[in-house]
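Chemist: quick one, what's the 3D model for this:
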Amino acid sequence: MFEAIVTLCVSLEAGPCRDHLLPGFEAASQAACLRQLQDRAPDLGIAGLLPRGAPECAPVGPPLEMTEVAAGVFVHRGAIAEPDATNRGDVSNLGFVVGETSVAVIDSGTARWMGEGTWRAVRAVTDKPVSHIILTHMHPDHVFGASVFVEAGALAVGHADLPRALINRQANYLESLGRLMGAEALLGTEVTTLDQFVETGAEIDLGGRVLRLETWPTSHTGTDLTVLDQGTGVLFAGDLVFDQHTPALDGSLLGWRAVMAELAQREVTGVVPGHGGPLLDWPVGAADMLRYLAVLERDTRQALDEGARLGDAVEVIAAEEEDHWQLFEAYNPRNATVAFTELEWE
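Modeler: Residues are numbered from 1 along each chain as shown. Now for the predicted structure:
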């Protein structure tokens with residue numbers, strides 16, 4: 001198999017540059033791929049980059065590794081780590097569901113290259129069109145690879161409040177990721193505009209396979225959305241559910257506890273968390289999250305009752321949970337800060 005690529009650069013004289021996938025020009029032979037490029041000119045206006053030479057056809061590049069966790073449901077498990085130059089931002093879970101007529105991709109990774117790898121993974125399984133790219137929440141490790149699918153004709157779907165949240169933070173996200181990952185790994189990465197906005201719930205029919213989308217009150221963030229494949233009972237929970245990776249509170253502790261309590265009662269066959277997994281048995285897979293959030297609230301209330309200062313409180317809040325989670329030092333102090341601020345003004 002062959003695919004169309006083009007070398008795009010920040011500066012034609014000094015770079016950096018990388019080969020960008022042009023989705024939708026795949027063919028069994030190089031000649032057939034080139035004929036497609038002659039028949040319809042690809043859009044090269046990617047994030048303001050400059051093309052170095054014309055598009056060309058090359059053997060298909062490497063796909064992101066996927067696990068089929070249920071019939072037609074595929075998941076990529078990201079590393080439990082902070083984004084850096086080695087992992088290039090591959091630190092979160094994403095996946096796709098194959099219906100009879102089309103495919104929906106759920107989350108898209110931290111950078112364009114991850115969207116490209118996901119596109120290749122889909123194409124390794126099926127030639128059905130990708131009709132939807134569904135984004136579970138605002139954090140960049142879940143949304144910044146989506147443009148590849150939009151270029152190929154997919155509709156971008158997310159929480160109704162997602163666009164405003166990304167507008168408010170996208171500049172800081174891109175600056176931070178560029179510093180952590182390096183400019184080349186982030187080349188071509190841009191924020192995708194939504195085509196469909198989910199207020200409370202929606203359904204997407206992939207042909208004999210219906211996905212149920214549901215939004216949630218402010219919890220992990222203010223833009224959380226879950227995706228239930230009604231055919232298999234697998235729920236993509238986004239970052240409402242963490243496994244092994246310390247949970248990251250960027251919304252409301254009390255809201256998150258309420259949402260988790262409801263999710264724990266859902267009758268699903270398995271849950272794809274935003275990190276870890278890739279598939280958790282349910283409801284036993286909720287136990288660690290429920291315990292952590294309960295301890296976080298208990299210790300925060302105790303610190304407030306004792307009149308502790310925030311700087312001192314974050315050193316002890318939920319400290320007993322450290323052995324149960326990875327990246328604890330990076331995330332628990334932030335969680336304690338958010339929880340302290342929320343409950344202080346309750």
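Chemist: quick one, longest strand in the chain?
Modeler: strand 17-27 (DSSP state E).
Chemist: tell me the buried residues in it?
Modeler: Residues Cys17, Arg18, Asp19, His20, Leu21, Leu22, Pro23, Gly24, Phe25, Glu26, Ala27 are the ones in strand 17-27 that count as buried (16 or more other Cβ atoms under 10 Å). For the C-beta atoms, the positions are set from N, CA and C on the backbone; glycine is no exception.
Chemist: closest to Thr110 among those residues?
Modeler: The closest of these to Thr110 turns out to be Arg18 (Cβ to Cβ; 14.8 Å).
Chemist: which residues does the closest one bridge with?
Modeler: In this structure, Arg18 bridges to Leu8 when assessed by DSSP bridges.
Chemist: repeat that for Phe236.
Modeler: Counting by DSSP bridges, the residues bridging with Phe236 are Val227, Val272.
Chemist: ok, it - how many residues close by?
Modeler: 29 (other Cβ atoms under 10 Å).
Chemist: distance of it from Leu94?
Modeler: Phe236 sits 9 Å away from Leu94, going by Cβ to Cβ, to the nearest Å.
Chemist: need the residues touching each of the two.
Modeler: Ile106, Asp107 (Cβ atoms under 8 Å, 6 or more residues apart in numbering).
Chemist: what segments of the stretch 51-200 of the chain are strands?
Modeler: 56-59, 67-70, 73-76, 94-98, 103-106, 130-134, 155-159, 196-198 (DSSP state E, counting those that start in this stretch).
Chemist: for Ala261, find the nearest of the ones you listed.
Modeler: strand 155-159 (20.5 Å).
Chemist: parallel or antiparallel, which strands does that closest one pair with?
Modeler: When DSSP bridges is applied, strand 155-159 pairs with strand 130-134 (parallel), strand 196-198 (parallel).
Chemist: contacts for the longest one?
Modeler: Read that as strand 130-134. For strand 130-134, contacts defined as Cβ under 8 Å, 6+ apart pick out 96, 101-108, 119, 122, 146, 149-150, 152-158, 192, 196, 204, 206, 211, 213, 225, 227.
Chemist: check the residue nearest in space to the middle of the chain and give its pLDDT.
Modeler: Closest to where the C-alpha atoms of the chain average out (Cα atoms, centre = their mean) is His142, at 1.9 Å. On the pLDDT scale, His142 is placed at 97.
Chemist: once you drop chain neighbours, what's closest to it?
Modeler: Leaving aside its chain neighbours, His142 sits nearest to Asp107 (4.4 Å; criterion: Cβ to Cβ, 6 or more residues apart in numbering).
Chemist: winner for burial among the strands paired with strand 155-159?
Modeler: strand 130-134 (a mean of 26; mean count of other Cβ atoms under 10 Å).
Chemist: now that strand against strand 17-27, angle please.
Modeler: Here strand 130-134 runs at an angle of 140 degrees relative to strand 17-27 (axes from the mean of the first three to the mean of the last three Cα atoms, to 10 degrees).
Chemist: could I get the CA-only coordinates of strand 130-134 as PDB?
Modeler: Provided in PDB are the C-alpha atoms of strand 130-134 (Å, rounded to 0.1, in the frame of the first residue of the first chain):
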ATOM      1  CA  VAL A 130     -14.100   7.800   8.800                       C
ATOM      2  CA  SER A 131     -17.400   9.700   9.300                       C
ATOM      3  CA  HIS A 132     -16.800  11.200  12.800                       C
ATOM      4  CA  ILE A 133     -13.900  12.200  15.100                       C
ATOM      5  CA  ILE A 134     -15.300  12.500  18.600                       C
END
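Chemist: and the average pLDDT for it is what?
Modeler: Here the average pLDDT along strand 130-134 is 98.
Chemist: contacting residues around Ala313?
Modeler: Ala313 is in contact with Thr300, Ala303, Leu304, Ala336, Phe340, counting by Cβ under 8 Å, 6+ apart.
Chemist: rewinding a little: what does the longest strand of the chain rub up against?
Modeler: Strand 17-27 is touched from outside by 1-10, 33, 35-37, 42, 46, 49, 52, 55, 57-58, 60-61, 112-113, 116, 119-120, 123, 148-149, 151-153, 184, 187-188, with contacts defined as Cβ under 8 Å, 6+ apart.
Chemist: got it, and stretch 324-340?
Modeler: 80-82, 244-250, 253, 288, 291-292, 296-297, 299-300, 303-304, 310, 313-315, 317-319, 321-322.
Chemist: if the nearest residue to Phe149 once chain neighbours are set aside is in a bridge, with which residues?
Modeler: In this structure, Phe149 finds its nearest non-sequential neighbour in Ile133, 4.0 Å apart by Cβ to Cβ, 6+ apart. As for beta bridges, Ile133 partners with Val105, Ala156 under DSSP bridges.
Chemist: start to end distance for stretch 203-220?
Modeler: 23 Å (Cα to Cα, to the nearest Å).
Chemist: chain center to that stretch: distance?
Modeler: 15 Å (Cα atoms, centre = their mean, to the nearest Å).
Chemist: also stretch 296-311?
Modeler: For stretch 296-311, the distance to the chain centre is 32 Å (Cα atoms, centre = their mean).
Chemist: what average pLDDT does it get?
Modeler: Stretch 296-311 carries an average pLDDT of 96.
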